[in-house]
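A.B. asks: Please find the sequence and the predicted model below.
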Amino acid sequence: MSGSTLHIETIGQGHDVVLLHGWGVNSAVFEPIKHALNDYTVHYVDLPGFGHSDPIEGDIHDWVNALAQRLPDNAIWLGWSLGGLVATQLAINFPQKAKGLITVASSPCFMAQPNEQPQPWPGIAPQVLSQFSEQLNNNLPKTIERFLAIQAMGSESAKSDIQVIKSLVLAKPLPEQQSLQQGLDMLANIDLRHQLAEIELPWLRIWGRLDGLVPKRTLKMLNADQKTTDIILQKASHAPFISHSSLFIEQIKPWLNKIVG
């Protein structure tokens, strides 16, 4: 991690909120909800090797260690997709860093487990991630564009959503190939299901009913308790803060205000 720099843009005043983006993109993807979060001190993070951040060798724990060093204690962490996996790992490893956790279109185990008994675990088909991995070496921009197209798949405004995401993401440098592969490895191999009981924070989980990457069946297979709140956005897909930004803010604002007090 020596010599590596994380790019973090900090805006607003109030309680600290950290936003972590998903695979293939960068923190610019949160532009549609930026102005709605002015009541908080929001830290928009480019994950290692994405946007303007330097790569960090290693695995998810190395990424989490870097984030923990750079960001304040007692923040509320919001992670989308892969960012949700990273935020969940941080809440497990560094509970003092988090006052609350929000995961958006995210799963503790992204890869489908079709042979699990008594019930197969829903998720991304193994061949989908392996195709992305193979294509990384052939055509990096095309691979990212294809993945971005999937992000908005199923929403009513899919075509315009894709254009929004692309224009925001391309305003920053393309991700490092090494970091894209690290992210794919995390999506393919990490399974935090058995560690979720260690999280004792208030936890808001946002799901898109039309999400093709994190099926809504995932919610039914996760334990719910007093600390967790689940919200399904009926017409949203994998990027609800872009396809339904106003509704998204309407859902998270009351929860944020309650946690912050």
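C.D. replies: Perfect, I can see it now.

A.B. asks: now could you export just the CA positions of the helix or strand residue 9 falls within as PDB?
C.D. replies: Residue 9 is located in strand 8-11, with elements delineated by DSSP states H and E. The C-alpha trace of strand 8-11 is given here as PDB (Å, rounded to 0.1, in the frame of the first residue of the first chain):
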ATOM      1  CA  ILE A   8     -11.700  11.200  -1.900                       C
ATOM      2  CA  GLU A   9     -13.900  14.300  -2.600                       C
ATOM      3  CA  THR A  10     -15.500  15.700   0.500                       C
ATOM      4  CA  ILE A  11     -18.500  17.900   0.300                       C
END
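
A.B. asks: what comes into contact with it?
C.D. replies: Identification of contacts with strand 8-11 by Cβ atoms under 8 Å, 6 or more residues apart in numbering yields 27, 34, 38, 41-46, 70-71. Where you see a C-beta, it was placed from the backbone N, CA and C, and this is true even at glycine.

A.B. asks: Most neighbours among those residues, which one is it?
C.D. replies: Each of the contacts of strand 8-11 was scored for neighbours by other Cβ atoms under 10 Å, and residue 45 scores highest at 29 neighbours.

A.B. asks: Double-check that residue against residue 18; I have them as touching.
C.D. replies: Yes. Proximity of residue 45 to residue 18 meets the contact threshold set by Cβ atoms under 8 Å, at 6.3 Å.

A.B. asks: tell me, what's touching the two both at once?
C.D. replies: Overlap between the contact sets of residue 45 and residue 18, as judged by Cβ under 8 Å, 6+ apart, is given by 67, 71.

A.B. asks: What pairs with the strand holding residue 9, parallel or antiparallel?
C.D. replies: The partner list of strand 8-11 in its sheet, established with DSSP bridges, is strand 41-45 (antiparallel).

A.B. asks: which parts of the strand holding residue 9 are buried?
C.D. replies: By neighbour count with 16 or more other Cβ atoms under 10 Å, strand 8-11 contains the buried residues 8-9.
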